[in-house]
Each structure stands twice: as C-alpha cells, then as structure tokens.
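Enquirer: Quick one: sequence and predicted model below, then my questions.
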Amino acid sequence: MWPFTTRYPEVNLEDVRAQYDYIVVGGGTAGCVLANRLSADPTTTVLLIERGPLADSWASTVPLLSSDFASDGSHTSKTKSVFQHEIGRPIDLFTGRALGGSSRINQMLYLRGYPAQYDAWEKRGMEGWGWKDMKGYFLKSERATYKCDPQIHGSEGEWYNCTNDEFHFPGFYHSIQACQALGLPYIDDINNPSHPPVGCGRLSFTRDPDARRHSSYHAFLSKALALARKANLHICTNALVEKLLVDTLPAGDLKVQGLSVSEAGLGESRVVRVGHEVVLCAGPFGSPHVLMLSGLGPAEHLKEHDIEVLKDLPAVGSNLQDHFGVSVGYRVPMAHSLLALERRPWIFILELFRYLILGKGMLLAPVLQLAIFASTTLLGQRGEPSEKQRVDSDTIPDIEIMPMSYDSGDGPFDKSRGVFSFLNVLLLPKSVGTVRLASLDPRAAPLVDPQYLADASDSARLRASLRLTLRIAERMRAQGYGLEDWEVPEREDDAALNAFIKRRNRTTYHYSSTCRMGDGAKDSVVNSELRVHGVRNLRVADSSIFPEVLATHLQAPVVAVGEKCADMILRGRMAN
C-alpha cells in the first residue's frame with residue numbers, strides 16, 4: 001500500500017516533456033481508461049491533459065455527498081444553453097470538470113444499453129461496433145461484486161459495480177408492485193440481454209467494496225497506478241488545450257503534430273509534440289470545441305470567426321442529443337424521502353455513523369434505485385401497457401421512468417414535507433442541436449443549443465410517458481401507498497400535458513453525438529476506428545462519437561468506448 005503521505009503524482013505544465021508517443025486530451029470517463037491502457041507498456045510515453053483539478057477529498061468518495069452535478073463548481077463545469085424556443089427559457093447544462101470527469105459526480109449507474117442498438121450501428125457500416133464485439137469491452141473493465149451471471153458480467157476488471165442490498169424507501173417497493181400490476185415485469189438483471197427489455201429493474205452502481213464511489217479515475221488512474229507509471233505516464237491537471245497543431249503534407253493530407261496548451265488558459269502557451277496519436281476525450285462539448293478552434297469543422301462557421309479552414313467537417317458540433325427529462329412529484333411522509341437527511345440533523349448523524357461503520361444506509365446515494373423502461377408504441381391511449389403488443393429482443397425502449405426519493409425537478413422547492421417523484425426520460429429523441437464557437441478564446445464556453453422538443457414526436461412520446469407515470473401512481477395508491485398530488489399535470493389532454501412538459505423539464509446530462517461516427521465526412525466526424533476523417537494521428541473517444549444517443553445511461557458505454565479505442569490503437573501499432 002502506498003503511504004497516505006505520498007501525493008498523487010501530477011505533473012506541472014512547465015515539467016511536461018517536449019514530446020510524447022500519445023497525448024490524451026481530457027481526463028474524463030473515457031480519458032482515464034485511455035491513459036491507463038496506453039501507458040501499460042513502460043516504453044510508451046503518455047501525456048494526459050485535464051482542464052479541471054484532481055479534486056480528491058474524502059467527501060468526493062462518499063456516494064451521496066459527491067452525487068451532485070450542480071455543485072459548487074469544484075468538480076463541475078456549468079454552461080447555460082442558448083434560449084430554447086420550445087420550452088421558453090435556456091437550460092443549465094453541466095459536465096464533470098475534474099480527473100474522472102462526470103463519473104466523479106453522477107449517480108454511479110452501470111447500464112450498458114441494448115444489443116439491438118449496437119447491432120444497428122454495425123448494419124449501417126460501423127464494423128466492430130455490434131454487440132458481439134462490444135460485449136467484450138464491457139467485460140474487460142467490469143468487476144461485479146454481486147451475485148450475477150458470469151457469462152454476462154466481468155469479475156476481473158478494475159471497475160467495481162454492485163447493487164444495493166435493499167431499497168431504502170417504501171416508494172420503490174410500491175413502484176415495483178404497481179408496474180407488475182400494469183403488466184410491466186420485474187427484470188432481475190437489466191444488463192442481461194436475454195431478459196425482457198421492457199419492465200422495471202433494480203439498478204447497479206459503480207461503488208467499491210468499501211462503499212466508496214468508484215469513478216473511472218479511481219478505477220483506472222489510482223494513486224498506486226500513477227506512482228508506478230510516473231516515468232512514462234504524465235498527468236497534467238488544470239491545463240487547457242488551446243488548439244491542435246495541424247500540418248498539411250505534400251500530398252495534401254492533414255496530420256496532427258501536437259498541440260498548444262496553457263495552464264488553466266492563463267499565461268504563456270506551450271507546444272507539446274506527439275509521436276503517434278492525439279486522442280480527444282474532452283466530451284461532447286469539449287471535443288468539437290477543440291476541433292473547431294483548430295480549423296477542423298463547418299467551413300462557414302469557422303470563417304465567421306476568421307479561423308483558417310483546414311478541413312471542412314460539417315458534422316463537427318452538429319447532431320447534439322440529450323435525454324430530455326420531465327418530473328412528476330408527489331408528497332410522502334418525511335421518513336419516506338431523502339429530504340429527512342436535510343431536515344432532521346439527527347438522522348444525518350445516525351446515517352453518517354452507519355456509513356462509516358457498516359458501509360450502509362442513505363449515504364450510499366439512494367436517490368435512484370430503480371428504473372422503469374417502456375416503449376411508447378406498446379402503450380394504450382391512457383398510457384397503460386397494451387396486452388396485444390408483443391415485446392421481443394429487438395425492442396428498444398424509448399422512455400425511462402426513474403422513481404426518486406427526492407424531487408427530480410430542476411430548481412428550488414418546498415422542503416417542509418417529503419417528496420417522491422418520477423423523472424420521465426426520453427431515451428430516443430428525434431431533436432438534434434449544435435455546439436458552436438462563442439469566440440476565438442479557448443477559455444470561453446461554446447454556444448450549446450440542444451433544441452429540445454424541436455421535433456414534435458418528442459413531445460408526443462413524453463406525453464405517453466407522463467400518462468404511464470400517472471397510471472403507476474394510481475396503482476400505488478390502490479395498493480395503499482398515500483401519494484399526495486404535488487407537481488402533477490392538471491389534466492391528461494395533450495394541451496395540459498404539453499404545458500406541464502414545458503414547465504417541469506430538465507437535462508439528464510447525457511449529451512452525445514457532436515463528433516459522431518459514420519462513413520462520410522459530410523454527416524460524420526470519425527470513422528469506425530474513431531479516426532477523424534482526412535486527418536492523420538487524430539481520434540476522438542467519448543460520448544460525442546455515438547451515431548445517436550444510446551437508450552441508456554452513458555457512463556458504462558463511454559468506458560467501453562475508451563477500452564475499444566485503446567485496443568484499436570495498440571493493435572494497430574503492433575501490426576506496424
């Protein structure tokens with residue numbers, strides 16, 4: 001065990017070498033994986049550049065205390081969207097801003113998504129992205145510590161995941177019973193593709209055996225590993241990549257030779273050269289931002305900012321998608337809600353001791369414990385599941401309803417009484433938005449326009465989801481659970497539901513597809529090997545490469561992207 005007094009071996013910018021074999025831009029969920037895998041060979045030099053800090057404290061490992069996107073900013077980056085016409089206001093958007101990225105502040109959910117969606121990518125020409133190939137990358141990193149099928153889950157990887165022994169609040173038990181009464185089955189393992197894709201199931205979480213958050217930073221770039229590899233792996237935090245250095249070769253091809261980086265965007269810039277490849281893992285906002293600042297992006301937009309167009313890539317910063325959410329809230333007894341921790345100090349003290357001594361209790365982050373998946377094509381007019389429709393293995397749910405022991409809305413609320421809510425999430429949105437430059441200053445946040453609800457079909461499916469939520473609440477009441485209306489639609493006609501959607505909405509932080517994968521440079525940014533079209537030595541590996549947003553929570557798929565990208569790089573180098 002490394003001594004507690006030993007500091008994490010971060011490298012100051014002035015100590016960064018002039019050249020590395022590989023440079024990973026962004027130490028987020030995927031970047032930590034890339035840095036780990038690429039530096040496993042001690043003869044290979046790797047530089048990981050992260051804009052945020054290390055920010056490693058005791059509180060950052062406690063699941064509940066660290067599960068906060070809209071925190072004080074020490075772990076997060078806040079961006080206000082442009083005005084959203086369909087909902088009448090801008091929306092605050094958040095991403096992780098620390099080593100480990102959003103895996104440091106999310107709800108720690110481990111879900112892989114549906115094989116049918118990966119297989120659809122492969123059928124569209126993205127070789128190697130079908131489920132039979134992707135399954136291995138999930139298994140490689142996973143270390144499941146609960147009783148599960150070893151053919152479905154990994155047990156030898158670095159990244160722990162587990163399930164809660166029990167539901168912390170009665171609302172979750174009543175939610176399951178209500179779903180079953182409506183015909184939505186209980187799913188024993190929502191990551192098992194042989195189980196029904198539609199129904200409700202217990203969630204699994206990326207926590208280690210000591211009940212601590214196990215982010216991609218903790219899993220793949222632990223202090224012990226960073227110290228053991230400090231000769232060939234340099235981790236530089238609080239550093240901002242300003243642009244890539246791109247040369248034009250005699251044949252007209254483009255080649256990335258390195259990048260320009262400064263300390264948190266301040267002071268003089270440094271040039272760092274790359275011997276083999278630069279991999280952008282800066283996220284769905286950051287990766288297109290760096291590309292455009294480097295002259296790689298939509299030509300007309302770059303010209304507006306007087307940036308020399310090195311490569312016209314119209315899809316850079318386009319096709320932005322997110323899982324848009326709408327919250328329905330009910331009042332319950334304070335003891336049935338996580339609000340008890342805030343309103344009753346003695347309960348917090350008790351739960352703190354339970355966590356420290358037993359590794360149990362409310363500090364394990366029980367806000368989310370259960371997920372309900374449904375397909376709106378299989379719902380009746382009142383939102384109830386239809387018995388006439390057949391669910392098969394190719395069905396991809398387009399909505400998720402997440403019961404929560406807290407208000408799932410996006411704003412302040414009256415905390416004098418307990419709350420149990422349902423967040424209705426649109427898993428397969430049709431609306432797409434953009435990420436664009438605000439200025440030439442690399443420190444300036446980009447202009448993000450999700451264009452929520454721009455496609456009318458998104459509202460239609462959210463209305464169906466809300467009706468299903470109301471049917472679930474009715475069943476819970478019929479079972480004797482006293483939900484009291486609080487933030488609910490006034491009526492169930494389309495107009496009333498639309499008004500509710502525009503009032504009680506939020507992001508779910510699942511931004512994707514701004515550097516999406518595909519065959520051609522007109523409608524995609526990277527190919528199936530994640531290489532940027534027409535540019536040598538450059539790949540992208542984060543949620544921005546998904547052809548469209550996956551119908552699941554994105555943490556586990558992003559780690560799989562990091563695993564696959566590292567494997568492609570290393571296999572390619574061996575072949576040469």
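Expert: Structure received.
Enquirer: Any stretches of the stretch 151-300 of the chain with poor pLDDT?
Expert: Counting by pLDDT under 70, the stretch 151-300 of the chain shows low-confidence ranges at 265.
Enquirer: Touching, residue 152 and residue 192? I think so.
Expert: Yes: Residue 152 sits in contact with residue 192 when judged by C-beta atoms under 8 Å, with a separation of 5.0 Å. From N, CA and C alone the C-beta is placed, and that goes for glycine too.
Enquirer: quick one, what contacts residue 568?
Expert: The contact partners of residue 568, taken as C-beta atoms under 8 Å, 6 or more residues apart in numbering, are 529, 530.
Enquirer: In space, what's closest to residue 403 - neighbours in sequence excluded?
Expert: With sequence-adjacent residues excluded and distances taken as C-beta to C-beta, 6 or more residues apart in numbering, residue 403 is closest to residue 175, at 4.6 Å.
Enquirer: nope, residue 398 is what I meant
Expert: The shortest distance from residue 398 to any residue that is not its chain neighbour, by C-beta to C-beta, 6+ apart, is 4.2 Å, and that residue is residue 428.
Enquirer: what about the closest residue to residue 44 other than its chain neighbours, how many neighbours?
Expert: In space, not counting the residues next to it along the chain, residue 44 is nearest to residue 21; the distance is 5.0 Å by C-beta to C-beta, 6+ apart. Residue neighbour count, defined by other C-beta atoms under 10 Å, stands at 18 for residue 21.
Enquirer: what residues does the helix or strand residue 21 falls within touch?
Expert: Secondary structure assigned from DSSP states H and E places residue 21 in strand 19-25. Under the contact criterion C-beta under 8 Å, 6+ apart, strand 19-25 has outside partners 31, 34-35, 38, 44-49, 234, 241, 258-259, 272-282, 287, 290, 569.
Enquirer: from those, which would you call buried?
Expert: A residue is treated as buried here by neighbour count (16 or more other C-beta atoms under 10 Å); on that basis the buried members of those are 31, 34-35, 38, 44-49, 234, 241, 258-259, 272, 274, 276-282, 287, 290, 569.
Enquirer: What is the helix or strand the residue nearest to residue 403 falls within packed up against?
Expert: When elements are assigned from DSSP H and E, residue 175 belongs to helix 170-182. When contacts are defined as 3 or more C-beta pairs under 8 Å, 6 or more residues apart in numbering; DSSP states H and E, helix 170-182 packs onto strand 186-187, strand 199-202, strand 370-374, strand 399-404, helix 456-478.
Enquirer: wait, the residue nearest to residue 403 sits on residue 201?
Expert: No: because the distance of 11.2 Å does not satisfy C-beta under 8 Å, residue 175 is recorded as not touching residue 201.
Enquirer: joint contacts of those two?
Expert: By C-beta under 8 Å, 6+ apart, the residues touching both residue 175 and residue 201 are residue 370.
Enquirer: When those two are compared, which one has more neighbours?
Expert: For residue 175 and residue 201, the more surrounded residue by other C-beta under 10 Å is residue 175, and the numbers stand at 26 against 22.
Enquirer: show me the contacts for the more buried one.
Expert: Counting by C-beta under 8 Å, 6+ apart, residue 175 makes contact with 200, 370, 372, 403, 472, 476.
Enquirer: go again using 7 Å as the cut-off
Expert: In this structure, residue 175 makes contact with 200, 370, 403, 472, 476, judged by C-beta atoms under 7 Å, 6 or more residues apart in numbering.
Enquirer: Report the beta-bridge partners for residue 95.
Expert: Counting by DSSP bridges, residue 95 forms beta bridges with residue 77.
Enquirer: ok, and for stretch 174-188, which residues are buried?
Expert: By 16+ other C-beta under 10 Å, the buried positions in stretch 174-188 come out as 174, 175, 176, 177, 178, 179, 182, 184, 187.
Enquirer: Tell me the spacing between the second one and residue 496.
Expert: Residue 175 is 24 Å from residue 496, where distance means C-beta to C-beta, to the nearest Å.
Enquirer: now do the third one
Expert: Taken as C-beta to C-beta, the spacing of residue 176 relative to residue 496 amounts to 28 Å.
Enquirer: Ok, the fifth one next?
Expert: Residue 178 sits at a distance of 23 Å from residue 496 (criterion: C-beta to C-beta).
Enquirer: Likewise for the last one?
Expert: Counting by C-beta to C-beta, the gap from residue 187 to residue 496 is 32 Å.
Enquirer: How about the first one?
Expert: Using C-beta to C-beta, one gets 26 Å for the distance from residue 174 to residue 496.
Enquirer: separation between residue 453 and residue 433?
Expert: According to C-beta to C-beta, residue 453 stands 11 Å off from residue 433.
Enquirer: ok, which stretches of the protein are helices?
Expert: Counting by DSSP state H, residue ranges of the helices within the chain are 29-38, 63-66, 115-123, 131-141, 170-182, 216-220, 223-228, 283-293, 299-304, 339-343, 345-358, 456-478, 494-503, 555-575.
Enquirer: Mind putting those helices into JSON lines with distance to residue 75?
Expert: Supplementary listing: the helices of the chain in JSON lines, determined by distance: least, C-beta to C-beta, whole Å:
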{"stretch": "helix 29-38", "distance to residue 75": "13"}
{"stretch": "helix 63-66", "distance to residue 75": "8"}
{"stretch": "helix 115-123", "distance to residue 75": "30"}
{"stretch": "helix 131-141", "distance to residue 75": "22"}
{"stretch": "helix 170-182", "distance to residue 75": "28"}
{"stretch": "helix 216-220", "distance to residue 75": "11"}
{"stretch": "helix 223-228", "distance to residue 75": "18"}
{"stretch": "helix 283-293", "distance to residue 75": "14"}
{"stretch": "helix 299-304", "distance to residue 75": "31"}
{"stretch": "helix 339-343", "distance to residue 75": "20"}
{"stretch": "helix 345-358", "distance to residue 75": "20"}
{"stretch": "helix 456-478", "distance to residue 75": "30"}
{"stretch": "helix 494-503", "distance to residue 75": "29"}
{"stretch": "helix 555-575", "distance to residue 75": "15"}
